[in-house]
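# return atomic coordinates for the entry below.
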Amino acid sequence: MIQDDLRGMVGVMWKDLRAYYLKPPNISWGILFPLAFVLAFAIRDGGNLARLAPGLLGLTLLFAATSMEAIVITFERRIGALERLMLAPMRLPALMAGKVLGGMAFGLAMGLIVLVGVLVAFGPAGVNGWLLAAAMLLGAACFSCMGALVSVAVREVFEAQTLANVLRFPMMFLGGVFVPLAELPGWLQVVARLLPLTYCIEAIDLALHGGSPARAGLDLGVLALFTAGMFAIATRVLARRVA
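Numbering: from 1, shown residues only. Okay, here's the model as predicted:
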């Protein structure tokens, strides 16, 4: 059964990547949209791209991992494709994991493209590679799980797109992308600490610029908790939807 689950997860991931993710509009959305916002703020701040690099990476992971993940399950339920997938010899958590892996892989691919640009522009000296890899992996997994949760929570594609933006845009402006958390009012700092993007950007910033190992461990731990929690909830909601 475990072998069937593993084969099913990989199969679902590759199917989703080919059918939904690896299309020019998704690639441009995953990279150009966060880049445009960051460049606009960099111009306002006098070109301080180095400070904005962690936010750019985190924002790219967020938008790329959720670009299709937030609608693909809703779409497949509408056209009957999800029911056909459920006939495959794998359990529902494995099916959900395959969906999440598709969004995660695409988010990482887009994030790596941006990361190469960041390292070329500012150099790799002093970068904590292990922490950076862990932050990007957990960030992509977390945001893909968030997209999956959005996708199973609604019945129509346009509802999924709306709900995804309701979650993404507050994170974009409160998660430390453009304004450091320390510069936010106290109550907004509390709100920001409830958002997974905050911990992703903070961990990436620590990997790129150095900082407390204890803080990095806390950031990664919180991201892992967000990931596990949203995956569990999304799987349970989907089970009820298809029951």
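# spatially central, which residue of the chain would that be?
The residue at the geometric middle of the chain, judged as the C-alpha nearest the mean C-alpha position with CA atoms, centre = their mean, is F143 (2.7 Å).
# so how far is A182 from it?
Separation of F143 from A182 (CB to CB, to the nearest Å): 24 Å. From N, CA and C alone the C-beta is placed, and that goes for glycine too.
# next one: M136
M136 sits at a distance of 23 Å from A182 (criterion: CB to CB).
# the two: who's more crowded?
Legend: neighbour count by other CB atoms under 10 Å for M136 and A182, higher for M136 (23 against 7).
# tally of neighbours for the closest residue to the more buried one other than its chain neighbours?
Ranked by CB to CB, 6 or more residues apart in numbering and with sequence neighbours excluded, the top spatial neighbour of M136 is G111, at 5.5 Å. Other residues lying near G111 total 28 when counted by other CB under 10 Å.
# ok, now which ones touch G111?
Taking CB atoms under 8 Å, 6 or more residues apart in numbering as the definition of contact, the neighbours of G111 are L57, T60, L61, A64, M136, G139, A140.
# surely the first one is in contact with V118?
Yes: because the distance of 6.8 Å satisfies CB atoms under 8 Å, L57 is recorded as touching V118.
# more neighbours, the two?
L57 (30 against 20).
# now do the buried residues in the helix or strand where I201 lies.
Applying DSSP states H and E as the criterion places I201 in helix 196-209. Buried residues in helix 196-209, counting neighbours by 16 or more other CB atoms under 10 Å, are found at 196-208.
# so after the helix or strand bottoming out on mean pLDDT in the chain, what's the next helix or strand?
Comparing every helix and strand of the chain by mean pLDDT, DSSP states H and E singles out helix 24-44 as the least confident one, with a mean of 67. Moving toward the C-terminus from helix 24-44, the first helix or strand encountered (DSSP H and E) is helix 49-66.
# dump the very next helix or strand once past that next one to PDB, keeping only the CA atoms.
Helices and strands here follow DSSP H and E; after helix 49-66, the next one along the chain is helix 69-79. Taking Å, rounded to 0.1, in the frame of the first residue of the first chain, the C-alpha atoms of helix 69-79 are listed here in PDB:
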ATOM      1  CA  GLU A  69      -2.600  25.100  -6.100                       C
ATOM      2  CA  ALA A  70      -5.400  27.400  -4.800                       C
ATOM      3  CA  ILE A  71      -7.700  26.400  -7.700                       C
ATOM      4  CA  VAL A  72      -6.700  23.100  -9.100                       C
ATOM      5  CA  ILE A  73      -8.600  20.800  -6.700                       C
ATOM      6  CA  THR A  74     -11.700  23.000  -7.100                       C
ATOM      7  CA  PHE A  75     -11.400  22.900 -10.900                       C
ATOM      8  CA  GLU A  76     -10.900  19.100 -11.000                       C
ATOM      9  CA  ARG A  77     -13.900  18.600  -8.800                       C
ATOM     10  CA  ARG A  78     -16.000  20.700 -11.200                       C
ATOM     11  CA  ILE A  79     -15.000  18.700 -14.300                       C
END
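# give the other helices and strands that the next helix or strand after helix 69-79 contacts.
The first helix or strand that comes after helix 69-79 along the chain, using DSSP H and E, is helix 81-85. Using 3 or more CB pairs under 8 Å, 6 or more residues apart in numbering; DSSP states H and E as the contact criterion, the neighbours of helix 81-85 among helices and strands are helix 69-79.
# this completes my enquiry, with thanks.
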